[in-house]
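S.K.: the amino acid sequence is not available; the structure is as follows:
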């Protein structure tokens, strides 16, 4: 199957390519050709593409250590996308909206978003500086993780939900409650940006839950034996 | 609510010839109105404010029970300042167009607040109380003590509030409560 046809069927895959550091000009390459060009296993790329297309990853082959290191790099890239692209974009829309409607209600909404954004940044930093290095050490066959710095893959899984819940709140407030007159262009852009972010955050946690964490738990078990 | 038949029939004619979609009924006294509102809803009361003299308390009570009721006062030039009990007023020398226009605006407003009320009925009065406490930064235990209920019940109310509004975080609920005018925005520190 040609990559260009897959993108045509689901443009969200562009985001996946970007997180994999794959250029969008995919020419007439098939998935297999693309994978060998970029040194990614077909098993991994197809599994993640399946998540993007709404299928689960059951039945895939076990991921290799190299796959998992690439998953971590994928997740790190998506952090950059949140940090440098999506959240600033949303933040700008909200600021603009607040300037057009300078009432206290909008001011509170902006404050809500800023506090939320700060929490998100903190969480991204936590993953970048603690969780990912832990997995990288775990995957490095030469080194066993020392007992002292052991923190488990499971613990990592518990951190996520809050970010998605507050995003949901923000969407609900805009769709159901906050009184803003007109400004439909700006509000539509804001809502679309929120949906895009929500979609990628959802995929992000799917990848962690279906690929990274189960593999991490498996390796932890192997090392204990 | 106007004792003069001439004025009543004049107003009735103006209203019936206007685009206002409504039925006009005449009552003589406040008790009659209260009784009528018991079985058929009244959107706008047009009243001679003299009828309210010494009945201010009753009028306020009526408005509390029927928050969607709007009151238009007929200004006879006797009471110069706009009566606190009426939403708008007009004089008998205003043009029919002017009177109809202000009644239409009043009708729109009352329909709007009716709609808002239907949505708000999502939350029970108790849930609104709990929400107000939450927005003021109270802890579950403090809310339980204040409302004389168990912490367990407070948690249940909180769950229902989240279920009904779709909002989970406390700061999100604050914005919800303000948008719904459950708390006044002046009470919230920004």
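M.R.: Yep, that arrived. Because the structure is a prediction, the values reported are computed rather than measured. Numbering: from 1, shown residues only, chains lettered A, B, ... in the order given.
S.K.: interface residues of chain A facing chain B?
M.R.: A:104-105, A:107-109, A:111-112, A:115, A:165-166, A:168-170, A:172-173, A:176-179 (CB under 8 Å from any CB of the partner chain). (Each C-beta comes from the backbone N, C-alpha and C, glycine too.)
S.K.: flag the shaky bits of chain A, pLDDT-wise.
M.R.: Low-confidence segments of chain A (pLDDT under 70): A:59, A:141-162, A:225.
S.K.: let's see that with 80 instead.
M.R.: For chain A, the stretches flagged by pLDDT under 80 are A:56-61, A:141-163, A:223-225.
S.K.: closest residue of it to chain B?
M.R.: residue A:169 (3.6 Å; CB to the nearest CB).
S.K.: now that residue: which helix or strand?
M.R.: Residue A:169 is part of helix A:161-172, with elements assigned from DSSP states H and E.
S.K.: tell me if I'm right that residue A:120 and residue A:163 touch.
M.R.: Yes. Here residue A:120 reaches residue A:163: they are 5.6 Å apart, a contact under CB atoms under 8 Å.
S.K.: re the thing from before, enumerate the positions of the helix holding residue A:169 that are buried.
M.R.: A:163, A:165-172 (16 or more other CB atoms under 10 Å in any protein chain shown).
S.K.: what does stretch A:18-25 give?
M.R.: A:18-20, A:22.
S.K.: wasn't residue B:67 part of a strand?
M.R.: No. Applying DSSP: H, G, I helix; E, B strand; the rest coil, one finds residue B:67 to be coil, outside a strand.
S.K.: how close does it sit to chain A?
M.R.: Separation of residue B:67 from chain A (CB to the nearest CB, to the nearest Å): 19 Å.
S.K.: what of residue B:58?
M.R.: Taking CB to the nearest CB, one finds residue B:58 at 33 Å from chain A.
S.K.: residues in contact with that residue?
M.R.: B:30, B:34 (CB atoms under 8 Å, 6 or more residues apart in numbering or on different chains).
S.K.: quickly find the element holding it.
M.R.: Going by DSSP H and E, residue B:58 is in helix B:56-65.
S.K.: avg pLDDT for that helix?
M.R.: Averaged across helix B:56-65, pLDDT comes to 82.
S.K.: after it, which helix or strand is next?
M.R.: strand B:70-75.
S.K.: what are the boundaries of the strands in the chain?
M.R.: You didn't say which chain, so I picked chain A. Under the criterion DSSP state E, chain A contains no strands.
S.K.: nope, chain B please
M.R.: Using DSSP E, strands in chain B cover B:44-47, B:70-75, B:88-91.
S.K.: just to revisit the earlier point, buried sites along the helix holding residue B:58?
M.R.: Neighbour-count burial for helix B:56-65 [16+ other CB under 10 Å]: B:59, B:62-63.
S.K.: and if you look at stretch A:176-185?
M.R.: A:177-178, A:180.
S.K.: how far off centre is it?
M.R.: Averaging C-alpha positions (CA atoms, centre = their mean, to the nearest Å) puts stretch A:176-185 28 Å from its chain's average.
S.K.: what does stretch B:57-64 give?
M.R.: Per CA atoms, centre = their mean, the centroid offset for stretch B:57-64 relative to its chain is 11 Å.
S.K.: can you name the residue of chain B nearest chain A?
M.R.: residue B:172 (3.6 Å).
S.K.: what does the residue nearest the centre of chain B show for phi and psi?
M.R.: Residue closest to the average C-alpha location in chain B (CA atoms, centre = their mean): residue B:67, at 2.6 Å. Main-chain dihedrals, residue B:67, degrees, to the nearest 10: phi -70, psi -10.
S.K.: do you know how far it is from residue A:87?
M.R.: Residue B:67 is 41 Å from residue A:87, where distance means CB to CB, to the nearest Å.
S.K.: repeat for residue A:182
M.R.: For residue A:182 relative to residue A:87 (CB to CB), the value is 25 Å.
S.K.: run a quick neighbour tally on residue A:35.
M.R.: 20 (other CB atoms under 10 Å in any protein chain shown).
S.K.: tell me, how many residues neighbour the nearest residue to it once chain neighbours are set aside?
M.R.: Nearest residue to residue A:35, sequence neighbours excluded (CB to CB, 6 or more residues apart in numbering or on different chains): residue A:42, at 4.7 Å. Using other CB under 10 Å, residue A:42 is surrounded by 14 other residues.
S.K.: go ahead and confirm residue A:42 touches residue A:33.
M.R.: No. The criterion here is CB under 8 Å, and residue A:42 misses it with residue A:33 at 10.1 Å.
S.K.: all helices for the chain, in order.
M.R.: Let's take chain A. With helices called from DSSP state H, chain A shows them at A:3-9, A:13-19, A:31-38, A:42-52, A:65-80, A:87-100, A:104-126, A:132-139, A:153-157, A:161-172, A:184-207, A:213-224.
S.K.: wait, I meant chain B there
M.R.: For chain B, the helices defined by DSSP H cover B:5-16, B:30-39, B:56-65, B:96-120, B:125-135, B:140-147, B:151-165, B:170-179.
S.K.: which of those sits closest to residue A:62?
M.R.: helix B:151-165 (39.6 Å; CB to CB).
S.K.: which helices and strands does the closest one pack with?
M.R.: Counting contacts by 3 or more CB pairs under 8 Å, 6 or more residues apart in numbering or on different chains; DSSP states H and E, helix B:151-165 packs against helix B:125-135, helix B:140-147, helix B:170-179.
S.K.: for chain A, what are the nearby residues on chain B?
M.R.: Counting by CB under 8 Å from any CB, chain B sits next to chain A at B:165-169, B:171-172, B:174-176, B:178-180, B:185, B:188, B:190.
S.K.: what subset of those is buried?
M.R.: B:165-169, B:171-172, B:174-176, B:178-180, B:185, B:188.
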